[in-house]
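In: Based on what follows, work out the 3D shape:
(2 chains)
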There are 2 protein chains.
Amino acid sequence: VKGEFEFIAGLRARVAADAHADLIAGIGDDAAILRPSANSELLITTDLLVEEIHFDLSYTSPAQLGHKALAVNLSDIAAMGGRPRYFLLGFACPRPLAEGFLDNMIDAMMSLAREHGVALIGGDTCTARRSLFINITLIGECAPGKSVRRNTARPGDSIYITGALGGSALGLDLLRSGIRFSQEGERDEKTAALSAHLLPQPRVELGAAIGERGLATAMIDISDGLSSDLNHICDESGVGAEVDAEAIRIASGASLKQALNGGEDYELLFTVSPDRVAEIETLRTDFPNIEISKIGSITTSQERWLISEGKRYSLIPRGYDHFA
Amino acid sequence: VKGEFEFIAGLRARVAADAHADLIAGIGDDAAILRPSANSELLITTDLLVEEIHFDLSYTSPAQLGHKALAVNLSDIAAMGGRPRYFLLGFACPRPLAEGFLDNMIDAMMSLAREHGVALIGGDTCTARRSLFINITLIGECAPGKSVRRNTARPGDSIYITGALGGSALGLDLLRSGIRFSQEGERDEKTAALSAHLLPQPRVELGAAIGERGLATAMIDISDGLSSDLNHICDESGVGAEVDAEAIRIASGASLKQALNGGEDYELLFTVSPDRVAEIETLRTDFPNIEISKIGSITTSQERWLISEGKRYSLIPRGYDHFA
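Out: Predicted coordinates:
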């Protein structure tokens, strides 16, 4: 493991080529300097990943960890309808880490960053006595007024999700039962679930497109789980929801419970007003590889219902009650 | 200890009143939303504090920890000549923490934030298995072109420091030897040193004034220690320096070694071109409570010298060599 200054110098050399026009100074001073474009809004999010809480190094490779630490932040900016631009990386790592650990972690992080045009502009690093901590702060951008909030869903809106849910929770269960991920393996249902958990693919382009088109009334990413994240939208917007259990696309091999409550799928959940729902077809055409499913509607009543086989269940964060 | 959502809701309620005109949304969505003023540059810094590395809870109170976590970031923005505006707080804490720990930590942090007009706009919180970990990302602002870099010192510039150095290192030594801080205690040399270490006062207003007046050619805060931080300026600027050991104001009770290498004083180190040095008097008049001392000059040669009692020593990061 290199010294802190040597490590930072190495990072700095490799990110110099990533500079953006509005970045005046990145790594190497007391702070990074940005001159934001005159006609833009900035979106700023921060996420922590803590060893033994968010990840377990017995089944997470350094590259998977580096990927996921940035991916979860990219997902937050996507959920605001913005485009990610810059990030700062703080990490504290216990010594000794395996040879090459940090390089592999950073390589994967920088590879995902490059894929989405995101530049590393600063950070902080130090040793830790026991656990590995990673903190990323990500700055995104959108046109003024184009960010998509949680608190603006309206009764009558349709509710959509991207992709399939529950895969990450299934993957975590498999990992905990001892099954391991191999990138060379057969692309079966288990591999897909392991990949969903270890290498989530945030909906960066789709989120930005929804924001730029002004297509959604509200949006959030599914990090806590559909039941919790839909409740965030309902709480913030002062509305209710009815969700059709049969319309939720469930990852192959996963259960409805995992799809509702598992979390960490990093798909998008968004609401669309009746006069715009026809444009979902255009969105599907423009993003042919991403399933977009209508799963229900926003209601005036503040109640949240899950409807399954004609029966109504009260949908609560991380679960549902047999109620009516 | 409260649940995460309850804790965030509590924070959100208390920071609502701190909103700034260019803050569109703070805590409560996937990301905060800012609309920066058209004619400004943003300064962004991030700093980690890790238990057992940066602080020891056996002698650091929750309030001191909260204060210091924000203070070290404020110092970075001051060193850029900017004004701090917004911060994001990430922390992971092991349970059980003492009753009131988090409230006391946040209270002190918010009190320092209010003092400097800084608003909390987002964050992330989770449990940790073993160590407490705090990450703050702070966003500051300055007029275009007014940020003060490390890489712009020029031969012939005078070198200045604020305050006295070494107090924080002395304070840490005292704490490690079992001496404890009491705010009611006599204001003696030991209390001052303990306070320098546990409750550093970043030079927020002075740093912003230096930036706004365009007074310094280069600036850095003294976090690693004078010997290291002056070397950062010299390395980045491609210049050398001569420092007069007798001109360094040393905290009462501290040694020259602590002043040079101790670090964590969070004073400012800055360079001023010959045609502007007369303005230091005005700065002293405007900030009568802060000592501003000229300690040496920037030189063309890349060598760094410490001159003491007529002898020249090679000044190296975290030390000096008996050389000539």
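
In: residues in the stretch 101-250 of chain A within reach of chain B, list them.
Out: Applying C-beta under 8 Å from any C-beta of the partner chain, one finds that the stretch 101-250 of chain A approaches chain B through A:121-131, A:133, A:135, A:137-140, A:144, A:147, A:149-151, A:219-221, A:236. Where you see a C-beta, it was placed from the backbone N, CA and C, and this is true even at glycine.

In: which of those residues are buried?
Out: A:121-126, A:128, A:130-131, A:133, A:135, A:137-140, A:147, A:149-151, A:219-221, A:236 (16 or more other C-beta atoms under 10 Å in any protein chain shown).

In: now, which of these lie within helices?
Out: Counting by DSSP state H, these place residue A:236 in helices.

In: what are the ranges of the strands in chain A?
Out: Along chain A, the stretches classed as strands by DSSP state E are A:23-25, A:32-34, A:41-50, A:83-94, A:119-128, A:133-142, A:158-162, A:218-221, A:240-244, A:268-272, A:292-299, A:304-308, A:311-316, A:319-321.

In: What lies in contact with stretch A:192-203?
Out: Residues from elsewhere that reach stretch A:192-203 (C-beta atoms under 8 Å, 6 or more residues apart in numbering or on different chains): A:59-61, A:64, A:67-68, A:71-72, A:74-75, A:78, A:162-163, A:167-172, A:174-175, A:179-181, A:221, A:251-254, A:264-268, A:290.

In: got it, and stretch A:277-291?
Out: Contact with stretch A:277-291 is made by A:158, A:160, A:162-164, A:203, A:205-206, A:209-210, A:213, A:215, A:249, A:272, A:292, A:294, as judged by C-beta under 8 Å, 6+ apart.

In: From residue A:84, how far out is residue A:115?
Out: As judged by C-beta to C-beta, to the nearest Å, residue A:115 and residue A:84 stand 11 Å apart.

In: Please say which of those two ends up with more neighbours.
Out: residue A:84 (29 against 11; other C-beta atoms under 10 Å in any protein chain shown).

In: quick one: the more buried one and residue A:204 touch, right?
Out: Yes: at 6.6 Å, residue A:84 and residue A:204 qualify as touching, with contact defined as C-beta atoms under 8 Å.

In: Show me the common contact partners of the two, please.
Out: Here residue A:84 and residue A:204 share the contacting residues A:74, A:77-78, A:116, scored by C-beta under 8 Å, 6+ apart.

In: Just give the number of residues close to residue A:109.
Out: 25.

In: On the pLDDT front, check it for me.
Out: Looking at residue A:109, its pLDDT is 95.

In: Identify the residue nearest it in space, chain neighbours excluded?
Out: residue A:66 (3.8 Å; C-beta to C-beta, 6 or more residues apart in numbering or on different chains).

In: The one you found is in contact with residue A:104, isn't it?
Out: Yes: using C-beta under 8 Å, residue A:66 is in contact with residue A:104, at 7.1 Å.

In: more neighbours, those two?
Out: More crowded of residue A:66 and residue A:104, by other C-beta under 10 Å: residue A:66, with 26 against 17.

In: The more buried one: what's it in contact with?
Out: A:104-109, A:112.

In: Residue B:315: which of those residues is nearest?
Out: Closest approach between the contacts of residue A:66 and residue B:315, by C-beta to C-beta: residue A:106, at 32.5 Å.

In: How about that closest one, nearest residue that isn't a chain neighbour?
Out: Here the residue nearest residue A:106, using C-beta to C-beta, 6+ apart, is residue A:66, at 6.1 Å.

In: for the stretch 151-300 of chain A, what are the low-confidence residue spans?
Out: Residue ranges of the stretch 151-300 of chain A with pLDDT under 70: A:183-186.

In: do that again at 90, thanks
Out: A:179-189 (pLDDT under 90).

In: Now residue A:64. Nearest residue, chain neighbours left out?
Out: Excluding its sequence neighbours, the residue lying closest to residue A:64 (C-beta to C-beta, 6+ apart) is residue A:198, at 4.4 Å.

In: mind checking how far the one you found is from residue A:82?
Out: 26 Å.

In: more neighbours, these two?
Out: Ranked by neighbour count (other C-beta under 10 Å), residue A:198 and residue A:82 place residue A:82 first, with 32 against 21.

In: Per-residue pLDDT of that one, please?
Out: 97.

In: Which residues are in contact with it?
Out: Applying C-beta under 8 Å, 6+ apart, we find residue A:82 in contact with A:41, A:43, A:140-142, A:146-147, A:207-208, A:211, B:31.

In: 10 Å instead?
Out: A:40-45, A:76, A:138-143, A:146-148, A:204, A:207-208, A:211-212, B:30-31, B:33 (C-beta atoms under 10 Å, 6 or more residues apart in numbering or on different chains).

In: one step back: in helices, which of the shared contacts of residue A:84 and residue A:204 appear?
Out: Among the shared contacts of residue A:84 and residue A:204, the ones falling in helices (DSSP H) are A:74, A:77-78.

In: buried subset of those residues?
Out: A:74, A:77-78.

In: Of these, which is the nearest to chain B?
Out: residue A:77 (6.1 Å; C-beta to the nearest C-beta).

In: shouldn't that closest one be in contact with residue A:83?
Out: Yes: using C-beta atoms under 10 Å, residue A:77 is in contact with residue A:83, at 7.2 Å.

In: any common contacting residues for those two?
Out: With C-beta under 10 Å, 6+ apart as the test, residue A:77 and residue A:83 both reach A:43, A:116, A:118, A:140-142, A:204, A:207-208, A:211.

In: Which residue, neighbours along the chain excluded, lies closest to the most centrally placed residue in chain A?
Out: Of all residues in chain A, the one closest to the mean position by C-alpha atoms, centre = their mean is residue A:75, 2.9 Å from it. Take residue A:75 and drop its neighbours on the chain: the residue closest to it by C-beta to C-beta, 6+ apart is residue A:202, 3.8 Å away.

In: Tell me how many other residues crowd that neighbour.
Out: With other C-beta under 10 Å as criterion, residue A:202 counts 25.

In: Tell me how far it lies from chain B.
Out: Separation of residue A:202 from chain B (C-beta to the nearest C-beta, to the nearest Å) stands at 11 Å.

In: thinking again about what came up before, drop anything exposed from the shared contacts of residue A:77 and residue A:83.
Out: The buried subset of these - by 16+ other C-beta under 10 Å - is A:43, A:116, A:118, A:140-142, A:204, A:207-208, A:211.

In: For chain B, state which of the residues you listed is nearest.
Out: Looking across those and measuring by C-beta to the nearest C-beta, the closest to chain B is residue A:43, at 4.1 Å.

In: Could you pull up the residues touching the closest one?
Out: Here residue A:43 is in contact with A:76-77, A:79-85, A:138-142, A:147, A:211, B:24-25, B:29-34, B:122 (criterion: C-beta under 10 Å, 6+ apart).

In: ok, now which ones touch residue A:21?
Out: Contacts of residue A:21 (C-beta under 10 Å, 6+ apart): A:35, A:37.

In: Going by neighbour count, which residues in stretch A:35-42 are buried?
Out: Result for stretch A:35-42 [16+ other C-beta under 10 Å]: buried residues A:35-36, A:40-42.

In: Can you add pLDDT and distance to residue A:94 and give these back as TSV?
Out: Below are those laid out as TSV (pLDDT from 0 to 100; distance: C-beta to C-beta, whole Å):
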residue	pLDDT	distance to residue A:94
A:35	87	38
A:36	84	37
A:40	90	40
A:41	93	39
A:42	95	34
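
In: show me which of those residues neighbour chain B.
Out: Contacts with chain B within the buried residues of stretch A:35-42, as defined by C-beta under 10 Å from any C-beta of the partner chain: A:35-36, A:40-42.

In: wait, doesn't residue A:245 sit right on residue A:296?
Out: Yes: here residue A:245 lies in contact with residue A:296, judged by C-beta under 10 Å, at a distance of 9.3 Å.
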